[in-house]
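Participant: got a predicted model here, sequence first, then my questions.
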Amino acid sequence: MSIAKRVGAPRIVPTRGIPYPMGDPELGPEQERAWRRQLLERALLAVATPVSEPTVFDGDPVQ
Amino acid sequence: MRIVHYVNQFFAGIGGEDSAGTGPELRDGALGPGRRLAAVLGDAHEIIATAICGDDYAAGHPEFAAELVEQARERGAEMVVAGPAFTSGRYGMACARIAAAASEAGLPALAAMHPDNPGLGEAAGTSVVESGLTARQMRDSLERFAAATLKIAAGEELTAQDGRIGPVARTNRRAERNAAERAVALVLTRLGGDGEATEIPLPDFDQVTPAAPIADAAEALIALVTEGGFVPAGNPDRLESARATKWVRHSLEGLDSAAAGSFESVHGGFSTQWANADPNRILPLDMARVLEREGAIGRLHGEYLGTTGNGTTVADARRFGMEWAAELRQANIQAVVLTAT
């Protein structure tokens, strides 16, 4: 994440590991899919949010 | 001087990506590239110990640097050197952080890496000397590293001629002419045709202006792209596992998931066992389709764009980015989710 900030990625969603950015092998299959869904929802929130500098999105959309 | 040398798990001989979670430790004497560094440094200096940490551990635990520097001081270290890290991002960041922590603790310090290494910005004014792109340039890189080490050990400043890279701490000096005279002289130089003349060279980093947000993802055409070395099984385009010179595109039409056996990762910078067991961990096609069906995503673009982000030069990466942006614009994509490893 600090590299993403350093190189100026405008919208950043932190994940749990370099080898599996959109998953987490420690979780069971259903939990892992839920985690992946959560990451994608954060990404969708990020692209719909105005930013002026590298910004980290680690919270979830208000339903 | 009594020197402690920092290397990652790979150069310490502990292991590759499978050992990247190794925690910080100090081992006696020189190891790996430190042996040759010690030989080039000669008898006036001794590498008393090698400080080691796995790249993933170092990236996730910034406090590893202060811990290792403290241990080095307890062993009587008088100087800390780190690398060379070449273009390896996590390793470069670790080297920069170790050098910065040693400086902060009052020890002379030096790191070595390629100028494109994103870790360079973490050095916080501590000296960094240029290395080659990859470990194939180890010999030349170590010669320069050793020469710079000798200079720092002698209490001298590195200059651009020594291969110094990165931000340089500003120091005061008395100018021969006052600011008004120099400003007028600069204006005359510029009027004379040298439009680039300056006393303050700007750093060479891109400023990326963030794109405006989309109004509503539920109405948008969204693309999935990745630098995770994500390819159809068998890698038909022979995408490189490191230092990629190209990118690939493949159709996602009719696919509900990035199934194991249909896709794989050829990334050479991490263990791909988890990616290959479930490629959705790199390109989240399964859940993107669910969100598309539910209406949270208007429509998913019919293909993905991908490359391998591993030691890729800034020049190549910039070219891929421009080509991707042009492709995606032409396809009327409103937003992109780029998964990065």
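Facilitator: Ah, there it is.

Participant: please count neighbours and contacts with C-alpha atoms only from this point.
Facilitator: Noted.

Participant: tell me the centre residue of chain A?
Facilitator: In chain A, the centroid-proximal residue (C-alpha atoms, centre = their mean) is residue A:13; its distance is 2.7 Å.

Participant: excluding its backbone neighbours, what's nearest that residue?
Facilitator: Sequence neighbours aside, residue A:57 is the residue nearest to residue A:13 in space, at 5.0 Å (criterion: C-alpha to C-alpha, 6 or more residues apart in numbering or on different chains).

Participant: the one you found contacts residue A:9, doesn't it?
Facilitator: No: contact status for residue A:57 versus residue A:9: not in contact, 12.0 Å apart, counting by C-alpha atoms under 8 Å.

Participant: residues in contact with the residue nearest to residue A:13?
Facilitator: A:11, A:12, A:13, A:14, A:42, A:43, A:46 (C-alpha atoms under 8 Å, 6 or more residues apart in numbering or on different chains).

Participant: from the residues you listed, which two are the most distant?
Facilitator: A:14 and A:46 (11.7 Å; C-alpha to C-alpha).

Participant: where in chain A is pLDDT low?
Facilitator: Residues of chain A meeting the criterion pLDDT under 70: A:61-63.

Participant: any chance you could map the strands in it?
Facilitator: A:11-12, A:55-56 (DSSP state E).

Participant: chain B: which of these is closest?
Facilitator: strand A:11-12 (8.0 Å; C-alpha to the nearest C-alpha).

Participant: just checking, what packs against the closest one?
Facilitator: helix A:29-47, strand A:55-56 (3 or more C-alpha pairs under 8 Å, 6 or more residues apart in numbering or on different chains; DSSP states H and E).

Participant: including distance to chain B and mean neighbour count, could these go into JSON lines?
Facilitator: JSON lines is the format used below for these (distance: least, C-alpha to the nearest C-alpha, whole Å; neighbours: other C-alpha atoms under 10 Å in any protein chain shown):
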{"stretch": "helix A:29-47", "distance to chain B": "5", "mean neighbour count": "19"}
{"stretch": "strand A:55-56", "distance to chain B": "10", "mean neighbour count": "18"}
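
Participant: how about the strands in chain B?
Facilitator: Under the criterion DSSP E, chain B carries strands at the ranges B:2-8, B:25-28, B:46-53, B:79-82, B:109-113, B:128-130, B:164-165, B:221-226, B:230-232, B:248-251, B:263-265, B:299-300, B:303-306, B:335-339.

Participant: could you say which of the ones you listed is packed most deeply?
Facilitator: Each of these was scored by mean neighbour count; the highest is strand B:109-113, a mean of 31, by mean count of other C-alpha atoms under 10 Å in any protein chain shown.

Participant: leaving out sequence neighbours, find the closest residue to residue 11.
Facilitator: I went with chain A, as the question did not name one. Nearest to residue A:11 is residue A:55, by C-alpha to C-alpha, 6+ apart, at 5.1 Å.

Participant: wait, chain B
Facilitator: residue B:32 (5.7 Å).

Participant: right, and the one you found touches residue B:12 too?
Facilitator: Yes: between residue B:32 and residue B:12 there is a contact at 5.7 Å, judged by C-alpha under 8 Å.

Participant: more neighbours: which of the two?
Facilitator: Neighbour tally, residue B:32 and residue B:12, criterion other C-alpha atoms under 10 Å in any protein chain shown: the higher count belongs to residue B:12, 21 against 13.

Participant: quick check: pLDDT value at the more buried one.
Facilitator: Listed pLDDT for residue B:12 reads 97.

Participant: how about the closest residue to residue B:118 other than its chain neighbours, what does it touch?
Facilitator: Closest residue to residue B:118 apart from its sequence neighbours, by C-alpha to C-alpha, 6+ apart: residue B:89 at 5.7 Å. Residues in contact with residue B:89, defined by C-alpha under 8 Å, 6+ apart, are A:3, B:117, B:118, B:119, B:311.

Participant: and residue A:15, how far from residue B:339?
Facilitator: According to C-alpha to C-alpha, to the nearest Å, residue A:15 stands 10 Å off from residue B:339.

Participant: ignore the last one, residue B:166
Facilitator: Residue B:166 is 28 Å from residue B:339, by C-alpha to C-alpha.

Participant: residue B:26 and residue B:48, how far apart?
Facilitator: From residue B:26 over to residue B:48 the distance is 10 Å, taken as C-alpha to C-alpha.

Participant: okay, now residue 54: neighbour count?
Facilitator: In the absence of a named chain, chain A is used. Using other C-alpha under 10 Å, residue A:54 is surrounded by 18 other residues.

Participant: looking at chain B here, not the other one
Facilitator: 27.

Participant: so it sits against residue B:18, correct?
Facilitator: No: contact criterion C-alpha under 8 Å: residue B:54 and residue B:18 do not qualify, at 9.6 Å.

Participant: backbone dihedrals for residue 15, both of them.
Facilitator: In the absence of a named chain, this looks at chain A. The phi and psi values for residue A:15, taken as degrees, to the nearest 10, are phi -130, psi -170.

Participant: that was the other one, I meant chain B.
Facilitator: Backbone torsions of residue B:15, given as degrees, to the nearest 10, read phi 160, psi 180.

Participant: tell me the contacts of the nearest residue to residue B:126 once chain neighbours are set aside?
Facilitator: Using C-alpha to C-alpha, 6+ apart and skipping the chain neighbours, the partner closest in space to residue B:126 is residue B:100 (5.7 Å). Applying C-alpha under 8 Å, 6+ apart, we find residue B:100 in contact with B:109, B:122, B:123, B:124, B:125, B:126.
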